[in-house]
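Engineer: Below are the sequence and a predicted model; questions follow.
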Amino acid sequence: MLIKTYSSAVYGIKATTITVEVNISSGTQYFIVGLPDNAIKESTFRIESALQSAGLRMPRQKIVVNMAPADIRKEGSGYDLAIALGILAASEQINSRRLADYLILGELSLDGGVQAVTGVLPIAIQARKEGFKGIILPNANAREAAIVDDLLVYGIDHITEAIQLLHDDKPFSPITVDTRAEFLQHVNHYEFDFADVQGQEHIKRALEIAAAGGHNVILIGPPGAGKTMLAKRLPSILPPLNLHESLETTKIHSVAGKIAATASLMTVRPFRAPHHTVSDVALVGGGGNPQPGEISLAHNGVLFLDELPEFKRAVLEVLRQPLEERQITISRAKLTVDYPASFMLIASMNPCPCGYYNHPDKDCVCSQANVQRYLSKVSGPLLDRIDLHVEVTPVNFQELVNEKRAESSSVIRLRVEKARRRQEERFKASEIHNNAQMGSKKVREVCSLSQAGQNLLKNAMERLGLSARAYDRILKVSRTIADLANSEEIELEHLAEAIHYRSLDRASWAG
């Protein structure tokens with residue numbers, strides 16, 4: 001008897017429906033075809049044990065399982081439940097009448113329990129798009145799928161519950177999530193706040209500018225000056241995610257299996273801080289079945305690279321293209337996937353191996369050659385793509401013991417949101433959302449300078465030896481500073497402040 005059930009595979013952040021065809025005929029062998037990987041081939045043993053534990057039987061006949069389309073590689077254990085229910089229906093142990101209404105996901109344990117899978121959100125979106133009545137999946141993934149409207153979501157813990165659901169043996173209530181209420185309830189709940197940081201007002205100002213325009217930042221300073229503390233608080237002053245950004249971010253984390261069982265929707269901007277031993281594949285994504293890397297997990301949020309010169313040179317260089325294109329394309333022989341990667345890069349580094357070059361109180365023990373060698377670990381093309389170079393100096397004792405509470409993140413965020421609204425209005429006719437995303441043509445249109453401003457920038461470029469890319473970066477930052485000042489024009493003071501944030505272009509840093 002031939003029975004069809006339906007499951008799904010995820011490639012990139014898009015799902016493809018997989019038809020699981022099960023045919024039982026005379027004979028004794030078991031075949032799974034349709035380019036299954038080892039995890040799927042091993043499902044035979046999990047399914048047989050699960051059926052026995054549930055008081056059901058594995059047919060002792062010839063069983064052929066075809067996973068269509070047969071020319072697409074299938075990976076993972078999430079097809080176990082669909083195959084098991086197909087075998088039960090084909091052997092007439094359960095009623096197959098309602099199987100076509102549902103998309104079925106879940107890994108089976110030997111005792112019949114149903115384990116969590118990944119990529120549930122894009123799968124649920126595709127199931128609704130293709131007209132499925134509902135989706136049957138592990139309870140651990142139910143809330144994640146339930147944020148998709150007009151789709152019945154049934155979470156189960158055991159294969160017997162799936163059978164009861166298909167037989168209507170007992171009433172099952174679908175899992176429901178009020179997406180908008182869930183989003184509004186948890187938006188902008190951040191663990192860290194700028195009010196906890198004493199002093200460092202000029203660093204906070206630079207991070208406010210970065211947040212207002214979506215600019216990349218590098219913090220250069222001695223150990224213990226507060227670089228990491230400040231970086232961790234950057235997401236708290238970014239504008240809150242809108243619902244579209246929240247869904248897009250959640251899809252990426254769903255594919256990577258980063259959504260907790262109790263969560264349904266990501267409501268705060270992600271903050272990713274990979275260790276400096278990270279590989280280039282882990283950073284940008286990849287693998288046989290390409291998975292999102294750290295830059296995609298930081299989409300719509302912040303990627304923090306602490307101790308930047310300690311990262312391998314090859315790892316840092318792969319960032320150059322995503323920083324410009326805001327997406328990453330991973331190509332394999334039979335598959336190409338695109339992952340979004342629109343993130344803010346914030347990096348930190350010591351100015352030299354010992355950490356005390358240019359320190360106001362402590363002497364540096366490094367030679368000029370060592371300082372030069374240390375700084376050169378970060379390539380010029382990468383530094384060109386970082387808009388703000390900020391020197392971080394140690395906090396003095398008086399600032400540390402000051403009992404006056406610093407300005408909170410919520411107050412700073414209001415100014416950032418106001419500047420972002422100006423940018424949204426400016427770019428409403430294009431796909432650009434903030435100043436950092438402007439191309440060279442758009443920079444020329446919206447960043448016009450007075451004659452005095454042109455002279456100032458010309459002198460700065462000649463003295464600092466800036467590249468054409470750095471020229472554009474300065475104009476973008478000065479436009480953001482003007483937006484924060486609620487100014488239609490870029491004034492001299494805005495331009496001068498933007499030029500100030502090119503520390504690593506100055507000859508004094510390299511000796």
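Structural biologist: Okay, I see it. Every value quoted in this text rests on a predicted model; they were computed, and no experiment measured them. Residues are numbered from 1 along each chain as shown.
Engineer: what residue is smack in the middle of this structure?
Structural biologist: Compute the mean C-alpha point of the chain, and by C-alpha atoms, centre = their mean the closest residue is residue 297, 2.0 Å away.
Engineer: Tell me who's in contact with that residue.
Structural biologist: 252-253, 256, 258, 270, 272 (C-beta atoms under 8 Å, 6 or more residues apart in numbering). In this view, the C-beta of every residue, glycine as well, is placed from N, C-alpha and C.
Engineer: Got the domain ranges for the chain?
Structural biologist: 2-167, 186-509 (automatic domain parsing).
Engineer: Just confirm residue 67 is within a helix.
Structural biologist: No: counting by DSSP: H, G, I helix; E, B strand; the rest coil, residue 67 is not part of a helix but strand.
Engineer: wait, isn't it in contact with residue 37?
Structural biologist: No: using C-beta atoms under 8 Å, residue 67 makes no contact with residue 37, being 10.6 Å away.
Engineer: For the domains of the chain, which has the smallest mean pLDDT value?
Structural biologist: Confidence, taken as mean pLDDT, is least for domain 186-509 of these (a mean of 88).
Engineer: ok now that domain, how far from the chain's centre?
Structural biologist: 15 Å (C-alpha atoms, centre = their mean, to the nearest Å).
Engineer: before we move on, back to that, now the contacts of residue 297 as JSON lines including neighbour count?
Structural biologist: Output for the contacts of residue 297, formatted as JSON lines (neighbours: other C-beta atoms under 10 Å):
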{"residue": "252", "neighbour count": "25"}
{"residue": "253", "neighbour count": "21"}
{"residue": "256", "neighbour count": "19"}
{"residue": "258", "neighbour count": "15"}
{"residue": "270", "neighbour count": "21"}
{"residue": "272", "neighbour count": "18"}
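Engineer: Sitting in helices, which of those residues do you find?
Structural biologist: Those of the contacts of residue 297 mapping onto helices are 252-253, per DSSP state H.
Engineer: Chain neighbours aside, what residue packs nearest to residue 503?
Structural biologist: The shortest distance from residue 503 to any non-neighbouring residue, by C-beta to C-beta, 6 or more residues apart in numbering, is to residue 389 (3.9 Å).
Engineer: tell me the secondary structure for that neighbour?
Structural biologist: strand.
Engineer: got the contact list for it?
Structural biologist: 218, 220, 383, 501-505.
Engineer: Pick out whichever of the residues you listed sits closest to residue 18.
Structural biologist: Set against residue 18, the nearest of those by C-beta to C-beta is residue 218 (45.0 Å).
Engineer: Let's verify the residue nearest to that closest one when sequence neighbours are not counted: helix, strand, or coil?
Structural biologist: Sequence neighbours aside, residue 347 is the residue nearest to residue 218 in space, at 4.5 Å (criterion: C-beta to C-beta, 6+ apart). Following three-state DSSP, residue 347 is assigned to strand.
Engineer: ok so, going back, what's the overlap in contacts for residue 67 and residue 37?
Structural biologist: Among the neighbours of residue 67, those also in contact with residue 37 (C-beta under 8 Å, 6+ apart) are residue 74.
Engineer: More neighbours: those two, which one.
Structural biologist: Neighbours were counted for residue 67 and for residue 37 using other C-beta atoms under 10 Å; residue 67 has more, 23 against 14.
Engineer: Any figure for the gap between the more buried one and residue 42?
Structural biologist: For residue 67, the distance to residue 42 (C-beta to C-beta, to the nearest Å) stands at 14 Å.
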